[in-house]
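Undergrad: The following comprises the amino acid sequence and a computationally predicted model.
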Amino acid sequence: MADSMKGLKRTHYCGEVTEIGAEVVVGGFVERVRNKGGVVFIVLRDRTGVVQLLFNDETDRELFDKAASCRSEYILMAKGQVRERESKNDKLKTGNVEIFVTDLRILAKAQTTPFEIVNDTKANEEIRLKYRYLDLRRAPLQQNIIMRHQIAKVTRDYFYENGFLEIETPMMMKSTPEGARDYLIPSRVHQGKFYALPQSPQIYKQLLMVAGYDKYIQLARCFRDEDLRADRQPEFTQIDLEMSFVDSEDIQECVEGFIKRVFKEVLDVEIQTPLTRLTFADAMNRYGSDKPDTRFGFEIQDITEAVKDIDFSVFKGAVEEGGTVRAINVKNGAATYTRKEIDKLVEHAKGIGAKGLAYIRWADEPNCSFKKFLGEGDLEKICAAVDAKEGDLVLICADKTKTVLTTLGALRLICAKRLDVIPEDKYNFLWITEMPFFEYDEEHNTWVAAHHPFTMPMEECLDYLDTCPANVRAKAWDLVLNGTELSSGSMRITDYELQQRMFEALGMTDEEIEAKFGFLVDAYRYGAPPHGGMGIGLDRLAMIMCKAESLRDVTAFPKVQNASELMSECPSFVDDESLNVLGISVNKADE
């Protein structure tokens, strides 16, 4: 039977025991036990750190035997006096002290855990996720979860101090198109109808602006039924904000203040503001990505002019078909990238959609994959165009411009990681502005919205809405950090007639508009102040600030790639009675 806590009240966390001579009471999990015969040491752990408990020949025999019986992950409370340690550990905050225990309570015993609870675990992720409550005892994960809490606290502090109101929006709402599949909730009362879990509080926060709550903030839970990856979960938290009587610069300036504050308070890192700004077009042309990592070089160079006279069908064909020839100079890449390694890059480029990849590898002398097509001075002209020198590797792609940029954008990241030139302790924030309003869907041969349908086009682009969708830019922007998109934002359409025109440009009928957005359109008839906002991914921000490899490392109980949770084994089947109440029948997959 477990001991009682009666008569003991915790006075200190383990990691806070530092005052020699103080009488303390601590509680926690046994990290390890060392029995030296006449001396027993127990390292006790809680979320703040560890402290060493001491039992020796001065200890009551019954108490000594109880200590000797303890095993890893037992839960203890201990009372005693803080002493100076004989064998010090300067790596720990409590490494110079130990507690000579006078009262020990074993509150719970523990079976042998399915994996060892250590910081640098070798256990595979699947077993750790199955026993997530054990994995969460490890200090690295605890530190991540604590830092996420600190980020959330600073977030609320900052926006509260700047006049924002935290207002909750519904978790059960109408299904509206937001760019991903909704998670649906069947209604018992209204059989055959469904609620949707919010992909974001977009419509509700705009309605709050119509209602006069000019500064809204919410740490909103959002849900999207989409394929997962390292920086995506089906449910996530968004620092959601909306502001009235502002323009784009006002919103961005407010968010910059938040970024500066949270990095200073949580990491003691100074972020210089205003943050760098790049148009979408510049980002794509220089980095081949709308969320570029700018901590290193390898920028994309347009060498179409330099190769225009070379009689090489790959280059000529691309240009004649309206494409382009571009390159990246992988500085000091020749030594690492042997012919075999370059072949892997070629295959990767083909996997992205490129027809191939040309290269110049300048080791002792330039080695060019299309050397037989070069005339006198051509090689020197290309090298000069990309500032290539001895030791460099030049990768060249010729194709449709979009394919070229996407391919080289991916290759610059692969090469940078392979050469280990990306600084870990650098935080490069970037505003991507002037986003395209429409995207061309080649599969269906039509233009589709690149953003939600309430996004405001730039005034100078309004004339192109019906005539030239490719020329329409949005009053929309992304916030990017080290190659990860943290946030998207935009100014919203508040003019009723323009909103109707936008719906029509997206091919929506009056019936569709009324069915999906009728209540919002009606609200605009009663007047809406100019407003805009953003949603900052709290999970992604925490992932980067914690230097974690995945969102799973900053989420207490995450899902895996197939959107299931290994610990609780959800989703799960429900009984027929529960389905009948909802008026639902299920065609179960073959088991």
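TA: Arrived safely. Numbers count the residues shown, from 1 in each chain.

Undergrad: quick one, what contacts residue 293?
TA: By C-beta atoms under 8 Å, 6 or more residues apart in numbering, the contact set of residue 293 is 287, 413, 416, 422, 428, 482, 483. C-beta here means a position set from N, CA and C on the backbone, and glycine is covered the same way.

Undergrad: Let's see that with 10 Å instead.
TA: Contact analysis of residue 293 by C-beta atoms under 10 Å, 6 or more residues apart in numbering lists 287, 409, 412-413, 416-417, 422, 428, 430, 480-484.

Undergrad: are any of the residues you listed buried, and which?
TA: Using 16 or more other C-beta atoms under 10 Å as the burial test, those include 287, 409, 412, 413, 416, 428, 430, 480, 481, 482, 483 as buried.

Undergrad: Just after the lowest-mean-pLDDT helix or strand in the chain, pick out the following helix or strand.
TA: Within the chain, no helix or strand scores below strand 446-449, which has a mean of 73 by mean pLDDT, DSSP states H and E. Following strand 446-449 in sequence order, the next helix or strand is strand 476-481 (DSSP states H and E).

Undergrad: for that following strand, packing partners?
TA: helix 248-267, strand 276-279, helix 280-287, strand 429-433, strand 484-491, strand 531-537, helix 538-545 (3 or more C-beta pairs under 10 Å, 6 or more residues apart in numbering; DSSP states H and E).

Undergrad: Tell me which of those is the most buried.
TA: strand 531-537 (a mean of 24; mean count of other C-beta atoms under 10 Å).

Undergrad: can you give me the angle that one makes with helix 538-545?
TA: Counting by axes from the mean of the first three to the mean of the last three C-alpha atoms, to 10 degrees, strand 531-537 lies at 50 degrees to helix 538-545.

Undergrad: So residue 319 belongs to a strand, correct?
TA: No. Counting by DSSP: H, G, I helix; E, B strand; the rest coil, residue 319 is not part of a strand but helix.

Undergrad: That one touches residue 302, doesn't it?
TA: No. Using C-beta atoms under 10 Å as the test, residue 319 is too far from residue 302 to be in contact (11.4 Å).

Undergrad: before we move on, back to that, closest to residue 13 out of the buried ones among the contacts of residue 293?
TA: If you rank the buried ones among the contacts of residue 293 by distance to residue 13 using C-beta to C-beta, residue 481 comes first, at 32.3 Å.

Undergrad: Pull the contacting residues for that closest one.
TA: Taking C-beta under 10 Å, 6+ apart as the test, what residue 481 contacts is 259, 271, 275, 291, 293, 427-430, 487, 537, 540-541, 544-545.

Undergrad: Give me the neighbour count for residue 297.
TA: 12 (other C-beta atoms under 10 Å).

Undergrad: for residue 209, same thing?
TA: Neighbour number of residue 209 under other C-beta under 10 Å is 24.

Undergrad: likewise residue 522?
TA: 11.

Undergrad: In this protein, spot the helix with the most residues.
TA: Using DSSP state H, we find that the single longest helix of the chain is helix 139-161.

Undergrad: Does anything pack onto it? Which helices or strands?
TA: Here helix 139-161 touches strand 40-46, strand 49-55, strand 165-166, strand 215-223, strand 235-244, helix 248-267, helix 538-545, going by 3+ C-beta pairs under 10 Å, 6+ apart.

Undergrad: sorry, back to before: which neighbours do residue 319 and residue 302 share?
TA: residue 325.

Undergrad: mind listing what the residue nearest to residue 109 when sequence neighbours are not counted touches?
TA: With sequence-adjacent residues excluded and distances taken as C-beta to C-beta, 6 or more residues apart in numbering, residue 109 is closest to residue 74, at 5.6 Å. When contacts are counted by C-beta under 10 Å, 6+ apart, residue 74 touches 28, 29, 30, 33, 42, 44, 106, 107, 108, 109, 110.

Undergrad: Then residue 260?
TA: By C-beta under 10 Å, 6+ apart, the contact list for residue 260 reads 158, 269, 270, 271, 272, 273, 275, 429.

Undergrad: who are the neighbours in contact with the fourth one?
TA: The one in question is residue 271. Residue 271 sits next to 256, 259, 260, 261, 262, 263, 264, 427, 428, 429, 481 when contact means C-beta under 10 Å, 6+ apart.

Undergrad: what about 8 Å?
TA: Per C-beta under 8 Å, 6+ apart, neighbours of residue 271: 259, 260, 263, 264, 427, 429.

Undergrad: cool, the first one as well?
TA: Under the criterion of C-beta under 8 Å, 6+ apart, the contact list for residue 158 reads 257, 258, 261, 262.

Undergrad: I'd like to know which of those residues is nearest to residue 202.
TA: The closest of those, once distances to residue 202 are taken by C-beta to C-beta, is residue 258, at 19.8 Å.

Undergrad: Can you check the pLDDT for the nearest residue to that closest one once chain neighbours are set aside?
TA: The shortest distance from residue 258 to any non-neighbouring residue, by C-beta to C-beta, 6+ apart, is to residue 158 (5.0 Å). pLDDT recorded at residue 158 is 98.

Undergrad: roughly how far apart are residue 158 and residue 16?
TA: According to C-beta to C-beta, to the nearest Å, residue 158 and residue 16 sit 27 Å apart.

Undergrad: For residue 141, which residues are in contact?
TA: Contacts of residue 141 by C-beta under 8 Å, 6+ apart are 135, 553.

Undergrad: quick revisit: Throw the contacts of residue 74 into a markdown table and include pLDDT, distance to residue 191 and secondary structure, thanks.
TA: Output for the contacts of residue 74, formatted as a markdown table (pLDDT from 0 to 100; distance: C-beta to C-beta, whole Å; DSSP: H, G, I helix; E, B strand; the rest coil):
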| residue | pLDDT | distance to residue 191 | secondary structure |
| --- | --- | --- | --- |
| 28 | 97 | 51 | strand |
| 29 | 98 | 49 | strand |
| 30 | 98 | 54 | strand |
| 33 | 97 | 59 | strand |
| 42 | 97 | 59 | strand |
| 44 | 98 | 55 | strand |
| 106 | 97 | 54 | strand |
| 107 | 97 | 50 | strand |
| 108 | 97 | 47 | strand |
| 109 | 96 | 50 | coil |
| 110 | 97 | 48 | coil |
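
Undergrad: coming back round to it: show me the two of the contacts of residue 260 that sit farthest apart.
TA: Greatest spatial distance among the contacts of residue 260 (C-beta to C-beta): 158 and 272, at 17.8 Å.

Undergrad: Pretty sure residue 516 sits in a helix.
TA: Yes. Applying three-state DSSP, one finds residue 516 inside a helix.

Undergrad: ok, the closest residue to it other than its chain neighbours - how many residues close by?
TA: Closest residue to residue 516 apart from its sequence neighbours, by C-beta to C-beta, 6+ apart: residue 176 at 5.5 Å. For residue 176, the neighbour count with other C-beta under 10 Å is 17.

Undergrad: Give the helix, strand or coil label for residue 176.
TA: Per three-state DSSP, residue 176 ends up coil.

Undergrad: Contacts only, for it.
TA: Contacts of residue 176 by C-beta under 8 Å, 6+ apart are 196, 203, 516, 517.

Undergrad: Let's have these in a markdown table, adding pLDDT.
TA: Output for the contacts of residue 176, formatted as a markdown table (pLDDT from 0 to 100):
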| residue | pLDDT |
| --- | --- |
| 196 | 93 |
| 203 | 91 |
| 516 | 79 |
| 517 | 81 |
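
Undergrad: Identify the farthest-apart pair in the residues you listed.
TA: Applying C-beta to C-beta across these, the maximum distance is between 196 and 517, 13.9 Å.
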